[in-house]
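Novice: build the 3D model from these lines:
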Amino acid sequence: MMDIKLIKEKMKGRKPGVIGDRRQYAVLIPLVERDDGVHLLFEKRSGSIKQPGDTCFPGGRIEEGEGIIDCALRETAEEIGITEVEIIGQFDSILEVNRITMHTVAGVVKEEALENAHLNHDEVEEIFTVPLDFFNDARPISHTVRIIQDTDGFPYEETGIRKDYKWREGSQEILVYHYEDRIIWGLTARIARWFAEFAQ
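Specialist: Numbering: from 1, shown residues only. Predicted coordinates for the structure are as follows:
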């Protein structure tokens, strides 16, 4: 039999999580102070890994027992060889429909660190910066993708749920920014825009 006192004890100091089996990732939002203002540092993925050529922030999957900030710093060191980052705080997290939770961490990288960066060319082709203001001033291409429930084979009779049940559908905005000869899109573009809007 359940004990309310035990439940209360278990709830004390518990940090809220997300219900369901989700893969946890963390990225660094690297801020670089330059003569013309604050820039965001991006990396271009190498041609030999998943999503080749895409623009992204340094980051990756959180390892067991690892914290969000620790993951963002580790991945930044592994991917672009930058180890000196002044963490200024955790930013927002994104729950993706593919059972991924993406956590973001804002940190300051000194401009001189870019000159001494050591890219892991198995993962990163190059790094570059974009003025943070660009994401407030530019008009991205915006396309809305519909997310539709696939209910084929659902056991309506077995569960007693009506066959005409209206399953929830959703949508997701896909942003595409063109900066000079570069394309910044998808999840990275969403993070960049949200952070730029927050920072202004």
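
Novice: run the chain-centre distance for the strand or helix carrying residue 8.
Specialist: Here residue 8 sits within helix 4-11, counting by DSSP states H and E. Relative to its chain's centre, helix 4-11 lies at 34 Å (CA atoms, centre = their mean, to the nearest Å).

Novice: pLDDT averaged over that helix - what is it?
Specialist: Helix 4-11 carries an average pLDDT of 93.

Novice: quick one: buried residues of the very next helix or strand once past it?
Specialist: Using DSSP H and E, the helix or strand that directly follows helix 4-11 along the chain is strand 23-34. Residues of strand 23-34 classed as buried: 24-32 (neighbour count, 16 or more other CB atoms under 10 Å). All C-beta spots, glycine's among them, are computed from the backbone N, C-alpha and C.

Novice: can you give me the strands in the chain?
Specialist: For the chain, the strands defined by DSSP state E occupy 23-34, 37-45, 55-56, 59-61, 86-95, 100-108, 124-131, 141-147, 170-179, 182-185.

Novice: who does the third one pair up with?
Specialist: If I follow you right, that is strand 55-56. Taking DSSP bridges as the criterion, strand 55-56 forms sheet pairs with strand 37-45 (antiparallel).

Novice: relative orientation of the partner strand and strand 170-179 in degrees?
Specialist: Interaxial angle, strand 37-45 versus strand 170-179 (axes from the mean of the first three to the mean of the last three CA atoms, to 10 degrees): 110 degrees.
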